[in-house]
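Engineer: fold the following and give me the result.
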Amino acid sequence: MSAEPRLDTLFQALADPTRRAILSALARGPQSVSDLAQPFDMALPSLMGHLRKLEAAGLIETRKDGRVRTCAIVPEAFAPVRGWLDEQRALWEGRLDRLEDYVNRLMEEKSRD
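Structural biologist: Residues are numbered from 1 along each chain as shown. Down below sits the predicted model:
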C-alpha cells in the first residue's frame, strides 16, 4: 500500500469521535469488548463495526481467549500520521517564518522613509 492510501485509511479511522474515544480508552491498556462498550449508548454490533474499522486501519489488534475478545492499541501504527503532521508543521512553520521576514523587511523600509 502506498503512503497516501494508508494515510487515508488512518485518517478515516480517526475521523469518528467514537473511534477516538475507543483509542483513548485503549491507551490506558488492553480491554475486553464488553468493557469498551460500557460508556457507549449503542448496540454491540455497532461498536464491533467501529472496532473492525480501527483494526482494518492497523490501529488496534484483537485477540480472542475463549469467549472474551480483547482489544489493544498498536502504538507504532500512528507513525505515518505523526510523520505527515510533522511534515505539515515544518511546511507551515517555514511559510510563517518567510512571512515574518517579509513583514519585518516592509516595516524596516517604512521606518527609513
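
Engineer: how much space separates the residue most central in space within the chain from residue 33?
Structural biologist: In the chain, the C-alpha nearest the mean C-alpha coordinate belongs to residue 14, at 4.8 Å (C-alpha atoms, centre = their mean). According to C-beta to C-beta, to the nearest Å, residue 14 stands 20 Å off from residue 33. The way it works is simple: take the backbone N, C-alpha and C, and place the C-beta from them, glycine included.

Engineer: show the pLDDT at the nearest residue to the residue nearest to the centre of the chain once chain neighbours are set aside.
Structural biologist: Nearest non-adjacent residue to residue 14, counting by C-beta to C-beta, 6 or more residues apart in numbering: residue 20, 6.3 Å away. Predicted confidence (pLDDT) for residue 20: 97.

Engineer: residue 19 touches residue 50, doesn't it?
Structural biologist: Yes: shown here, residue 19 and residue 50 form a contact pair, counting by C-beta atoms under 8 Å, at 5.2 Å.

Engineer: now do the strands in this protein.
Structural biologist: 31-32, 60-65, 68-73 (DSSP state E).

Engineer: residue 84 - how many residues pack around it?
Structural biologist: Each residue near residue 84 was counted by other C-beta atoms under 10 Å, and the total is 16.

Engineer: contact partners for it?
Structural biologist: residue 7 (C-beta atoms under 8 Å, 6 or more residues apart in numbering).

Engineer: over to residue 57?
Structural biologist: Applying C-beta under 8 Å, 6+ apart to residue 57 gives the contacts 9-10, 12-14, 77.

Engineer: who wins for most neighbours among those residues?
Structural biologist: Greatest neighbour count in these, by other C-beta under 10 Å, goes to residue 13: 22 neighbours.

Engineer: low-confidence ranges, this structure, go.
Structural biologist: 1-3 (pLDDT under 70).

Engineer: how about the helices in it?
Structural biologist: 3-14, 17-27, 33-37, 44-56, 79-112 (DSSP state H).
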